[in-house]
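> model the structure of this input:
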Amino acid sequence: MSKYPPLPPTVIEPIIRLALNEDFGTAGDVTANLLVPETETGHLFFKSRANGFLAGMQAAEMTFGLVDSQTTFTVHMEDGSKVNPGDIIAEVKGPVRSLLMAERTALNFLGRLSGIATLTSQYAEKVKHTHARIAATRKTTPGLRALEKRAVLAGGGATHRQSLSDAIMIKDNHIALAGGIESALTHIMENADHMVRVSVEVDTLEQLEKALPFHPHVVLLDNMGPETLKRAVKIAEDFDGPKPVLEASGGVNLTTVKAIAESGIDIISIGALTHSATNFDIGLDAN
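Next up, the predicted model:
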């Protein structure tokens, strides 16, 4: 069984229908309709062609089901599974025309999402000796956020905010428009709902010191190097009050993430997890 429950159909089905409609155009698969008899059935296997982590199985399975309810999709490896070249991750049976119509869309979901899971796992591996967690951001493909965030989970990461309504996050433009970090935090803390967590982005240690007395739940330390991050951690620990969750963002890559994690921060948010992941190679073959 998958580590994570499936996404609600009301969330995932519109995404898949949009992708299928994009691929079908106005006439469906004219090639298959001309070459393949309507009654012919087939049996195809999804196989990994690389080393990595799997994500997107729910989307792939639903793709075939929406194209043709007569198809049968069997999952062999769930999201979050480590896969190697040649591993059979799933198989599908049914009318050949339907299999061919659904093939590319299903592979697009699996390749994109497994690529995100695999990249996330590489970052998570670099920081596993620390308490830092790797998190995604809202830098997702428009329309695919629910799936891409789930892929980050499959790779061992965390998801951060799903939407603007999930939490209050005071960023640099908010601070500038409010007339400064103290003004922004004063207004937010006086008016925010008690159930909503508050995060504030700081660019300097001076801003951090100004923010701490307002007791934000999270402080995002933007574009700070490891040594500056260590000083930020010390400032937060020495503050006479509740210590916020400290999040580092900006300038993070597979070369720098280890030192950033070792600075003592709690969360490392990385937009590249979802906007720069390489497609994972998965094939759909007859044998």
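> ok, the residue nearest the centre of the chain - contacts?
Geometric centre of the chain, nearest residue: Lys149, 2.8 Å, by CA atoms, centre = their mean. By CB atoms under 8 Å, 6 or more residues apart in numbering, the contact set of Lys149 is Ala136, Thr140, Thr159, Gln162, Thr274. For every residue, glycine as well, the C-beta is placed using N, CA and C.
> okay, and which of those map to helices?
Here DSSP state H is the test, and the contacts of Lys149 give Thr274 as lying in helices.
> including distance to Ser98, neighbour count and pLDDT, could the contacts of Lys149 go into TSV?
Below are the contacts of Lys149 laid out as TSV (distance: CB to CB, whole Å; neighbours: other CB atoms under 10 Å; pLDDT from 0 to 100):
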residue	distance to Ser98	neighbour count	pLDDT
Ala136	34	28	97
Thr140	30	21	97
Thr159	33	17	88
Gln162	33	14	91
Thr274	31	25	97
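> how about the top helix by length along the chain: buried residues?
Using DSSP H to define each element, the chain has its longest helix at helix 96-127. Across helix 96-127, burial judged by 16 or more other CB atoms under 10 Å covers 96-103, 105-124, 126-127.
> over to stretch 32-40?
Applying a neighbour-count criterion of 16+ other CB under 10 Å, one finds Ala32, Val36 buried in stretch 32-40.
> run through who's touching that stretch.
Stretch 32-40 is touched from outside by Pro95, Val96, Arg97, Leu100, Met101, with contacts defined as CB under 8 Å, 6+ apart.
> and what of stretch 102-116?
Stretch 102-116 is contacted by residues 16, 19-20, 23, 44, 46, 52-57, 59-60, 63-64, 66-68, 71, 83, 141, 144, 147-148, 150-152, 154-155, 273-274, 277-284 when judged by CB under 8 Å, 6+ apart.
> buried subset of the residues you listed?
Listed as buried from the contacts of stretch 102-116 are 16, 19-20, 23, 44, 46, 52-57, 59-60, 63-64, 66-67, 71, 83, 144, 147-148, 150-152, 154-155, 273-274, 277, 279-282, 284; burial here means 16+ other CB under 10 Å.
> any figure for the gap between Leu107 and Ala55?
The spacing between Leu107 and Ala55, counted by CB to CB, to the nearest Å, is 13 Å.
> correction: the previous question concerned Leu7.
Distance of Leu7 to Ala55, computed by CB to CB: 12 Å.
> one step back: need the contacts of stretch 32-40 in a markdown table (columns: distance to Ser249 and pLDDT).
What follows is those, written out as a markdown table (distance: CB to CB, whole Å; pLDDT from 0 to 100):
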| residue | distance to Ser249 | pLDDT |
| --- | --- | --- |
| Pro95 | 48 | 97 |
| Val96 | 48 | 97 |
| Arg97 | 48 | 97 |
| Leu100 | 43 | 97 |
| Met101 | 41 | 97 |
